[in-house]
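Undergrad: 3D, please:
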Amino acid sequence: MHCIFCDLIAGAAEVSVCYEDATAIAFMDIQPVNNGHVLVATRDHYASLADVPEEVAMHLFGVALKLAPVVRKITGAQGLNIVVNSGAAAGQDVLHYHVHVIPRYRGDGFDIQLPFPGSAVPDRTVLDATAARIIAATRDPVGPRA
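TA: Modelled structure (predicted):
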């Protein structure tokens, strides 16, 4: 499957790079929410968060954290969003794992509204049951004992 980010990383298309190392490359989004919108991508191809090794995902987040105050300073942004869209249902349109660093301004029109106005507050038993399921799923019953 063709990947535009792999093309950018390979030098087959124009890209405005603002950071790079052996694992990550950061470049300016060509369809930015606001000026200064940076994408931090893996050099190796991983389609989504579910595919990327944990240490690589953590490295990309670290790069995003390093760039965030610089982006805010040079753009004069009033705030920032650091966003990962994982999967088409979550709005990921380029299937190559990346982190968005988005400078924000009051009234800029972009919105990731939380709490989501279309959601209802669930009963505490539903919250507790879901938390218990997450805890159970993260435990390895045959793993090493402490």
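
Undergrad: contacts and neighbour counts: CA atoms only from here.
TA: Fine.

Undergrad: report all helices and strands that the lowest-mean-pLDDT helix or strand in the chain contacts.
TA: The helix or strand with the lowest mean pLDDT-type score in the chain, counting by mean pLDDT, DSSP states H and E, is helix 124-138 (a mean of 87). Helices and strands touching helix 124-138, as assessed by 3 or more CA pairs under 8 Å, 6 or more residues apart in numbering; DSSP states H and E, are absent.

Undergrad: may I see the buried residues of that helix?
TA: Under the neighbour-count criterion of 16 or more other CA atoms under 10 Å, helix 124-138 has nothing buried.

Undergrad: export it to CSV, keeping only CA atoms.
TA: Output of helix 124-138 as CSV, limited to C-alpha atoms (Å, rounded to 0.1, in the frame of the first residue of the first chain):
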residue,chain,number,x,y,z
ARG,A,124,-20.8,4.5,38.5
THR,A,125,-21.3,0.7,38.2
VAL,A,126,-20.6,0.9,34.4
LEU,A,127,-17.5,2.9,35.1
ASP,A,128,-16.3,0.5,37.8
ALA,A,129,-17.1,-2.5,35.6
THR,A,130,-15.1,-1.1,32.6
ALA,A,131,-12.2,-0.2,34.9
ALA,A,132,-12.2,-3.7,36.3
ARG,A,133,-12.2,-5.2,32.7
ILE,A,134,-9.2,-2.9,31.8
ILE,A,135,-7.3,-4.0,34.9
ALA,A,136,-8.0,-7.7,34.2
ALA,A,137,-6.9,-7.4,30.6
THR,A,138,-3.6,-5.8,31.5
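
Undergrad: show residues contacting it.
TA: Counting contacts by CA atoms under 8 Å, 6 or more residues apart in numbering, no residue outside helix 124-138 touches it.
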